[in-house]
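Asks: Pasting the sequence and the predicted model now:
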Amino acid sequence: MSVSRRDAIKRLTAGAVGAAAVAGIGGEPRHLAPRAAVAGDAAGDVAPFHGPHQAGVLTPAQRNAAFAAFDVAATSPGALRDVFRALTARTRELASGGQYGAGPDQSGSARLAPRDDPDQSPAGSPPPDSGVLGPDVPTDRLTVTVSVGASLFDERFGLAARKPVRLATMPTFANDALEPDWCHGDLMLQLCADNADTVHHALRDITRHTRGALQPRYRLAGFISPPRPSGAARNLMGFKDGIANPTAADATDLVWVGAGRGEPDWATGGTYQVVRLIRMLTEFWDRITLSEQEAIIGRRRDSGAPLDGTAETDVPDYERDPAGALIPLDAHIRLANPRTTASAPNRILRRGYNYDGGLLANGNLDAGLIFCCYQQDIRRQFETVQNRLADDPLNDYIRPFGGGYFYALPGVVSPQDWYARALLS
Ligand SMILES: C=CC1=C(C)c2cc3[nH]c(cc4nc(cc5[nH]c(cc1n2)c(C)c5CCC(=O)O)C(CCC(=O)O)=C4C)c(C)c3C=C
Ligand SMILES: [Fe+2]
């Protein structure tokens, strides 16, 4: 992250607080009217909003994302409830799409209202929407996954006794060069959609409706490339990434927090989220040989196959290669998941995105991975894997600079429900 970009963000956040007195949380609700399908909509474009778990965890990864951390500027429990109610209302509406300036006609179906409808935008008021997506707001498989950090459970809102028992502040690991401006936060929003403008629109809508109560802390946009030429998408080191991941069938054992795990009742249906902002030292990576790169990862760069196999989907067989003749003992995939009975409960659900943030002050590329994973227990899963990676040769080519530990809230189960209702009631 360049110094100028960070300064720009600081200026923007300062502006948001300044505007708080004017807008107030939520301001006027900006209703989207439901609408018939618009160009670009296709079957499967809607990621269902209501359910026992939030969308955006098991949802097949959309192509674009933003990870945005916030601090809560609201000071009372009542104001905190308003924050979550506003977040729920905006997310529910944005995820189901609609038309700005439309209202039900006599038959109850959606219609386009005249653009200059005075009821929608009274003289002297700003328009109800940024307009970034035009009048038709597509669903675009938008998901907004809301997570809370350990700092939300400090003395401000009287929530200390309700903290998820395994939620802590992310520590600094051996290879980290953490930048405080890019770490932690009371709240993390993971916004994902098939198109980048949908992600931008949703983030802008949410910040507008929570201005003064949520203080933006940092944000980073991410993307997933199309298959090149097939199979899993590639990260910015050129390797297929996200090949080996638990499936939805594993989620009960590995991802969702259920009853009987010693967690507070309100937390049932949630999951722990780890976000790590990891810069890639691409200038160094691009200077080593292909076989060195492949030995570091443990897979072929072109096909994604493990070094003991031929296809991306082949499962590495470490028992048949105890000395690491084919897949080195310190290959990234072997350290991360040794595939033993003992290591099975340590598996994590990865849902990462590439990021490209321009240039660093020294002229090097600022690009890398927004590593994000979900799990039942950070210590048993992410931290165990991370500690196994302590001497990973890949560490010479990456530098984690930010992120945090969060708890993704249980899902919103009905139109009357809202994020964190069980926590705050
Ligand atoms: C602590 C967890 C992990 C971090 C941090 C991490 C960073 C990281 N990984 C890559 C590239 C690849 N990782 C791959 C597999 C893989 N990585 C982790 C964990 C962390 N990675 C796991 C658990 C696995 C799966 C291992 C397995 O089950 O076999 C791969 C191979 C393709 C794949 O299976 O996804 C690549 C490539 C980078 C570049 C990186 C930091 C920038
Ligand atoms: Fe990895």
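Replies: Received it, and whenever you're ready, just let me know what you need. Numbering: from 1, shown residues only. Ligands and ions are numbered 1, 2, ... in the order given.
Asks: of all the residues in the chain, which ones are close to ligand 1?
Replies: Residues of the chain lying close to ligand 1 (Cβ under 6 Å from any ligand atom) are 235, 237, 239-244, 276, 278, 280, 297, 299, 332-333, 336-337, 348, 368-369, 371, 382, 385-386, 389, 398. From N, CA and C alone the C-beta is placed, and that goes for glycine too.
Asks: Go through those and flag which are in helices.
Replies: Among these, DSSP state H puts 297, 332, 333, 336, 385, 386 in helices.
Asks: Need the CA coordinates for the helix or strand harbouring residue 355. CSV is fine.
Replies: In this assignment (DSSP states H and E), residue 355 forms part of strand 353-359. C-alpha atoms of strand 353-359 as CSV (Å, rounded to 0.1, in the frame of the first residue of the first chain):
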residue,chain,number,x,y,z
TYR,A,353,-8.8,-13.5,-3.4
ASN,A,354,-5.9,-12.0,-5.3
TYR,A,355,-5.3,-8.3,-4.8
ASP,A,356,-3.5,-5.8,-6.9
GLY,A,357,-2.9,-2.5,-5.0
GLY,A,358,-0.6,-0.7,-7.4
LEU,A,359,3.0,0.1,-6.3
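Asks: and it, what does it pack onto?
Replies: strand 214-223, strand 365-375 (3 or more Cβ pairs under 8 Å, 6 or more residues apart in numbering; DSSP states H and E).
Asks: and the residue of the stretch 1-150 of the chain found nearest ligand 1, how many neighbours does it have?
Replies: Closest to ligand 1 within the stretch 1-150 of the chain is residue 61: 12.1 Å, counting by Cβ to the nearest ligand atom. Using other Cβ atoms under 10 Å, residue 61 has 19 other residues around it.
Asks: center of this protein, which residue is that?
Replies: The residue lying closest to the centre of the chain (Cα atoms, centre = their mean) is residue 190, at 3.0 Å.
Asks: ok, now how distant is that one from residue 408?
Replies: Using Cβ to Cβ, to the nearest Å, residue 190 is found at 8 Å from residue 408.
Asks: Now the common contact residues for the two.
Replies: Both residue 190 and residue 408 are in contact with 145, 147, 273, where contact means Cβ atoms under 8 Å, 6 or more residues apart in numbering.
Asks: Dump whichever helix or strand the last one is part of to PDB, restricted to CA.
Replies: In the assignment (DSSP H and E), residue 273 maps to strand 271-280. The C-alpha atoms that make up strand 271-280 are tabulated as PDB, following Å, rounded to 0.1, in the frame of the first residue of the first chain:
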ATOM      1  CA  THR A 271     -17.900 -19.600  12.100                       C
ATOM      2  CA  TYR A 272     -14.500 -18.100  12.900                       C
ATOM      3  CA  GLN A 273     -13.000 -16.100  10.000                       C
ATOM      4  CA  VAL A 274      -9.300 -15.400   9.600                       C
ATOM      5  CA  VAL A 275      -8.200 -12.700   7.200                       C
ATOM      6  CA  ARG A 276      -4.600 -12.400   6.300                       C
ATOM      7  CA  LEU A 277      -3.400  -9.700   3.900                       C
ATOM      8  CA  ILE A 278      -0.300 -11.200   2.300                       C
ATOM      9  CA  ARG A 279       2.000  -9.300   0.000                       C
ATOM     10  CA  MET A 280       3.800 -11.400  -2.600                       C
END
